[in-house]
Structures are given as C-alpha cells and as structure tokens.
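>>> Coordinates for the following, if possible.
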Amino acid sequence: MSIVLLKDVRKDYPLGKTTVHALQGVELDISTGSFISIVGPSGSGKTTLLNIIGCVDQATTGSITIDDQDVSRMTDNQLTDLRLFKIGFIFQSFNLIPVLNVLENVEFPLLLMKKYTSKEIRKKAEEMIEHVRITEQISQRPSELSGGQRQRVAIARALVTSPRIVLADEPTANLDSETGAQILSLMKRINEQNNVTFIFSTHDPDVLKYANDVIKIRDGKVIERIKCQ
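Numbers count the residues shown, from 1 in each chain. Below you'll find the model as predicted:
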C-alpha cells in the first residue's frame, strides 16, 4: 500500500532573471513500512524532495498524495495537522530547543497536539526516551550532550507523536562513523518494530546497506531506483 505517491512533481525557484528547476517531473511510489534512502550529489534536489513530501514546501506542478490524502486539496490548517500528526522530521543540525532539557524537547510536539493530559505527555515522552536509550540524560540540555545523544533526542521527538512517516535529512552528517551506524541501527529497529516509513537523504555510502530501496536523484530527476532487500 502506497503511503507516498508523487506524479510528475516539479519545483521551480526564481533566481534573479533565471529559474532553478529543483525537481523535474519526479515520479515516486513509496509503500508503508519502507526504509528508503535518497542519494545524490549536493544540489541534486534531495532536500527539496523531502520538503515536498513533508508538506513544508509546495510543488510548482504535479500530484502529491500522502497517506491517501491529496495535498493540493488541503488548507493550510489541514497541512499543519498532517505535518504534526502524521510526519516526523529529523534534521542533520538536530534543531533541538536549547533552553529545554531532553524530556522537555521530546514533550514539545505532544503539547502542540493539544490532545493529551500533562500526565499522558510525560509518560509518552519518558517511554520514547527510554526507547532510544537516552534516559540517563533526561534532565540535560542539548549543549551538555554529544552529537549522537542529540540525534537520539531528535529521533525521540520525531517519533513521540506516533507518525506514519519519518523524514530525515542527512541524519548522520554531523556524526562520526561509529555513532552514525548506531543511529541508523536505531532507526532501522524502529522501522521494523513499529512499521514506520523512513525516508532519508544522505551522502553516506554506509547508509545504503540499511535501506530497502535506494533512489538516486540527479539534477532534480530520479535516475534510478535500486531494490536492496
């Protein structure tokens, strides 16, 4: 069953008197529970593609369906709810809130959802922090954590809302190879145990051995899709 379906998606950016064609007729069908790696050189359109799937940017033309919902027909409020309730984001720069500790960072998206009591929020956040194995740092702020620990917090925050899709933009870029491998193993375990669909961009060749499918993109076009497992 498709959870992400893109048909002839194009994204253009005006740049002075010229136009940058960031995506050029992308066709993509991603099944629920997939672990997908999008690879390509800098400027190939990887991040733009993730932003389109994550509904943080709008396509210039084309059809985008996320979890059976036609994105083009949704209002701004509906798109906000889609991002909050169904999509989790993991960034290479972590994007943690510096004045909040680990627990508070993970609780934050649950507060935005406005559907849980404070007791339920605390319980869900603590369970997810334990799930990513960073309970010992629960009271520390991001500045007191290593890169790998920050990324674990970012993963916990992305997963605490029980999203259907997690988008990760270069999730191992700021980590050493050993820590990066630990983070990828963690994401793969969550993917298999919870049937969460992971879609991530990367330059890291070590990532490919974890992926079900590798999607190669160049100059805004999907040039190859390789089935790995």
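>>> Name the residues of the helix or strand of the chain with the lowest mean pLDDT that are buried.
Ranked by mean pLDDT, DSSP states H and E, the helix or strand of the chain with the weakest confidence is helix 177-194, at a mean of 88. Residues of helix 177-194 classed as buried: 179-184, 186-188, 190-191 (neighbour count, 16 or more other C-beta atoms under 10 Å). C-beta coordinates here come from the backbone N, C-alpha and C atoms, glycine included.
>>> what sits up against the next helix or strand after it?
Next helix or strand after helix 177-194 toward the C-terminus (DSSP states H and E): strand 197-202. Contact with strand 197-202 is made by 3-4, 30-40, 46-47, 49-50, 53, 90, 164-173, 187-188, 190-191, 207, as judged by C-beta atoms under 8 Å, 6 or more residues apart in numbering.
>>> and those, which of them are in strands?
Counted as lying in strands by DSSP state E, out of the contacts of strand 197-202, are 3-4, 30-31, 35-39, 90, 165-169.
>>> Count the residues that sit near Thr172.
25 (other C-beta atoms under 10 Å).
>>> likewise Ile134?
Using other C-beta under 10 Å: Ile134 sits among 22 other residues.
>>> go on, Ser146?
Neighbours around Ser146, by other C-beta under 10 Å: 12.
>>> check contacts around it.
Thr179.
>>> repeat for Leu111
Ile121.
>>> from the middle of its chain, how far away would the helix or strand where it lies be?
Assigned by DSSP H and E, Leu111 belongs to helix 102-113. Here helix 102-113 is found 17 Å from its chain centre; the criterion is C-alpha atoms, centre = their mean, to the nearest Å.
>>> Next one: the residue most central in space within the chain from Leu15, what distance?
The centroid of the chain falls nearest to Leu167 when counting by C-alpha atoms, centre = their mean (1.3 Å). Leu167 sits 25 Å away from Leu15, going by C-beta to C-beta, to the nearest Å.
>>> show me where the chain has helices.
46-53, 76-86, 102-113, 118-131, 147-159, 177-194 (DSSP state H).
>>> Run through who's touching the longest one.
Helix 177-194 is touched from outside by 33, 35, 131-133, 146-148, 151-152, 155, 159, 166, 168, 171-172, 175, 196-198, 200, 204, 206-207, 210, with contacts defined as C-beta under 8 Å, 6+ apart.
>>> next one: the fourth one
Contact partners of helix 118-131, identified using C-beta under 8 Å, 6+ apart, comprise 102-103, 106-107, 110-111, 116, 135, 138, 153, 156, 159-160, 190.
>>> Show me just the buried residues among the residues you listed.
Using 16+ other C-beta under 10 Å, the buried ones in the contacts of helix 118-131 are 102-103, 106-107, 110, 138, 153, 156, 159-160, 190.
>>> okay, those residues in JSON lines with distance to Leu23 next?
What follows is the buried ones among the contacts of helix 118-131, written out as JSON lines (distance: C-beta to C-beta, whole Å):
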{"residue": "Val102", "distance to Leu23": "36"}
{"residue": "Leu103", "distance to Leu23": "38"}
{"residue": "Val106", "distance to Leu23": "33"}
{"residue": "Glu107", "distance to Leu23": "35"}
{"residue": "Leu110", "distance to Leu23": "33"}
{"residue": "Ile138", "distance to Leu23": "40"}
{"residue": "Val153", "distance to Leu23": "31"}
{"residue": "Ala156", "distance to Leu23": "31"}
{"residue": "Leu159", "distance to Leu23": "27"}
{"residue": "Val160", "distance to Leu23": "30"}
{"residue": "Ile190", "distance to Leu23": "28"}
